[in-house]
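Engineer: Sequence and predicted structure, then a few things I'm wondering about:
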Amino acid sequence: MGVSKEQAVENRKAIIAASEKLFREHGIDGVGLSALMKAAGFTQGGFYNHFESKEALAAEVVASAMDKANQDLKEAIAAPIRRGGNRLKRQVDFYLSGTHCSDIEQGCAIAGLTADVRRLGHEAQAHFADGLQAMFETLTGLVAQQRGESGATDEARREAIAFYSEMVGALILSRAVAGADPQFGEEILNASRETLLRNVAQRAGQGKR
């Protein structure tokens, strides 16, 4: 008995979701088709019913992960905040927390996929670049708001790029050393968080002038 179009779509989504988790944890080259199809609940033989190649799957995984990351960021920023609170500070506190650092499967897609993207094909790299651009646009608006500006500016974009790049770098480095030296990993998170929060406080002060 054949599979309906609706079920085929759901099966494809399941393969993408399972693959993303495995790719984040083991790297794209570190996961074979048998393992990823088993994680999705299917046999290896069914893979080519959905994707032309592992590279084609990787491109869709990157696209899906980046879309979700952008949606999650927008929802996090838009979430209600207490009186006197600061949305940029809240984002830093979450991103550079020990909880987020240890959540490789569900955490930041940028940090989870960056190391592999440069080895993938053009399509996957384009999806990653587009998603990162969208994320910078969202963060630029937030930084501009902190600076008391009515709209995005070139300076706000530069700050947003530097701000986010430091967070991602700190998270990647902390994860890299946490297994061998957990205290060192925590030190990296804390140092970056304190520096960024100091900058956030300065921006907020400037925006009130």
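Structural biologist: Structure's in. What do you need? Numbers count the residues shown, from 1 in each chain.
Engineer: so where do the strands sit in this protein?
Structural biologist: Per DSSP state E, the chain has no strands. Nothing in it meets that criterion.
Engineer: helices or strands next to the lowest-mean-pLDDT helix or strand in the chain in the packing?
Structural biologist: Least confident element among the helices and strands of the chain, by mean pLDDT, DSSP states H and E: helix 182-207 (a mean of 86). Helices and strands touching helix 182-207, by 3 or more Cβ pairs under 8 Å, 6 or more residues apart in numbering; DSSP states H and E, are helix 87-95, helix 98-102, helix 122-146, helix 154-178. To be clear about C-beta, it is placed using only N, CA and C from the backbone, and glycine gets the same treatment.
Engineer: Tell me which of these sits nearest to Gly27.
Structural biologist: Taking Cβ to Cβ, helix 154-178 is the member of the helices and strands packed on helix 182-207 nearest to Gly27, at 12.7 Å.
Engineer: what angle do that closest one and helix 182-207 make?
Structural biologist: In terms of direction (axes from the mean of the first three to the mean of the last three Cα atoms, to 10 degrees), helix 154-178 departs from helix 182-207 by 170 degrees.
Engineer: Residues in contact with helix 154-178: which ones?
Structural biologist: For helix 154-178, contacts defined as Cβ atoms under 8 Å, 6 or more residues apart in numbering pick out 92, 95-96, 100-102, 104, 107-108, 110-111, 114-115, 135-136, 139-144, 147, 149, 184-186, 188-189, 191-193, 195-196, 199, 203.
Engineer: mind giving me the domain ranges of this protein?
Structural biologist: What the record gives for the chain is the domain set 1-51, 57-207, from automatic domain parsing.
Engineer: could those go into CSV alongside mean neighbour count?
Structural biologist: Listed next are the domains of the chain as CSV, based on neighbours: other Cβ atoms under 10 Å:
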stretch, mean neighbour count
domain 1-51, 15
domain 57-207, 17
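Engineer: what's the closest of the helices and strands packed on helix 182-207 to Val3?
Structural biologist: Each of those was scored for nearness to Val3 using Cβ to Cβ, and the closest is helix 122-146 (25.9 Å).
Engineer: tell me the contacts of Ile15?
Structural biologist: Contact analysis of Ile15 by Cβ under 8 Å, 6+ apart lists 36-37, 40, 42, 47, 50-51, 57.
Engineer: Check these and tell me the two furthest apart.
Structural biologist: Phe42 and Leu57 (12.7 Å).
Engineer: Next, Ser53: phi, psi?
Structural biologist: Main-chain torsions, Ser53, degrees, to the nearest 10: phi -160, psi 170.
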